[in-house]
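Undergrad: with the input below, show me the fold.
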Amino acid sequence: NAAEYEGVVLGLIFLKYISDKFEAKYQELLADEYADEEDKDEYMADNVFFVPPTARWKAISEVAHTPEIGQKIDDAMREIEDNNPRLKGILPKNYARKELDKRRLGDVVDLFTNVEMLSAGDEKDLLGRAYEYCLMMFASMEGKNAGEFYTPSCIVRTIVEILKPYRGRIYDPACGSGGMFVQSAKFIQNHQKDLHNISIYGQEANPNTWKMCHMNLAIRGLEGNLGTYADTFFDDQHPTLKADFIMANPPFNLKGWYDPNLKDDARWADYVTPPESNANYAWILHMLSHLRANKGVAGFLLANGALG
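TA: Numbers count the residues shown, from 1 in each chain. Predicted coordinates for the structure are as follows:
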């Protein structure tokens, strides 16, 4: 089913992206007699992840149709994490598991190997769109429960176009796979503004979705403070944050969110305590508490019941 393979495909897209990006920088350094093509600092200075020799896509594609392909990919993911602290604990490492068909896995590796990425224009944009397309398709196959990690792009674009996040702190308290952040970056670039003028903050409770978000941001060349995966109500990862822009599509009518310890929480001290039946109103108050006074703006999508 879709849930079983989303991590497989998305992880391979990410691995292909950072390997190709590394290779382009590697060739550039190779042509420079004063540069060391194996110096990690050379890559970090250009916001490129360092990929050790045995983890590069060429080494993986060479064993695509051997029984060891799964273990090879897992080892590559571990090596990349070891060489890039920003990715520590983020990449999927479950390709060697017995139930994953290694013949099909090899076919997918071939698929990415044989696609002429550069001929289609900007490689980062192509792979970013491939990643986003896969998120959309997996969400479609998984049905309504997939809403926790993917919001339809038309809705995300609408929120971003209304808020116009050119400069400041952008926050999504239920960030899923990071669609709000990616679309904000696209909006800024489309209007010829500077991406360095925004700071990204997010929180996500599902550990797998939290990892998807990290990879989605990395493919786009974005950095964000996502804290660790945790429940937004019980373990707010950005308690002092006052954001200029808040964009969110929290889970609709979330049950079981309440705990007596939240009764006198500061986030709703000046309002009516949210009902225990669902979290819609609690999400609104949480976002209000993180909004910059007087100048902050928020755009979010909730179920009709939130109007009651």
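
Undergrad: what residue of this structure is the furthest out?
TA: Distance from the centre of the chain peaks at Glu33, with 37.0 Å (C-alpha atoms, centre = their mean).

Undergrad: any idea how far Glu42 is from that residue?
TA: Separation of Glu33 from Glu42 (C-beta to C-beta, to the nearest Å): 14 Å. For glycine as for every other residue, the C-beta is placed from the backbone atoms N, C-alpha and C.

Undergrad: please apply the same query to Tyr271.
TA: The separation that Tyr271 has from Glu42, given C-beta to C-beta, amounts to 53 Å.

Undergrad: who has more neighbours, these two?
TA: Glu42 (18 against 12; other C-beta atoms under 10 Å).

Undergrad: helix or strand for that one, which one?
TA: helix 40-44 (DSSP states H and E).

Undergrad: buried residues in that helix?
TA: Within helix 40-44, the residues that qualify as buried are 42-43, counting by 16 or more other C-beta atoms under 10 Å.

Undergrad: then that helix to CSV, C-alphas only?
TA: Output in CSV follows, covering the C-alpha atoms of helix 40-44 (Å, rounded to 0.1, in the frame of the first residue of the first chain):
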residue,chain,number,x,y,z
LYS,A,40,33.8,19.0,3.4
ASP,A,41,34.1,22.7,4.1
GLU,A,42,34.2,23.5,0.4
TYR,A,43,30.7,22.0,0.1
MET,A,44,29.3,23.5,3.3
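
Undergrad: for the spatially most central residue of the chain, give me its contacts.
TA: Nearest to the geometric centre of the chain sits Cys213, at 1.5 Å (C-alpha atoms, centre = their mean). When contacts are counted by C-beta atoms under 8 Å, 6 or more residues apart in numbering, Cys213 touches 175-178, 181, 202, 204, 224, 226.

Undergrad: tell me where the protein has helices.
TA: Using DSSP state H, the helices of the chain run over residues 2-30, 40-44, 57-61, 69-83, 102-114, 123-142, 153-163, 179-190, 207-219, 280-289.

Undergrad: in the fifth one, what counts as buried?
TA: Of the residues in helix 102-114, those buried under the neighbour-count criterion (16+ other C-beta under 10 Å) are 102, 105-106, 108-109, 112.

Undergrad: please apply the same query to the last one.
TA: Taking 16+ other C-beta under 10 Å as the neighbour-count basis, helix 280-289 is seen to contain the buried residues 280-287, 289.

Undergrad: out of the helices and strands in this structure, which is least certain?
TA: None of the helices or strands of the chain scores lower by mean pLDDT, DSSP states H and E than helix 123-142, at a mean of 72.
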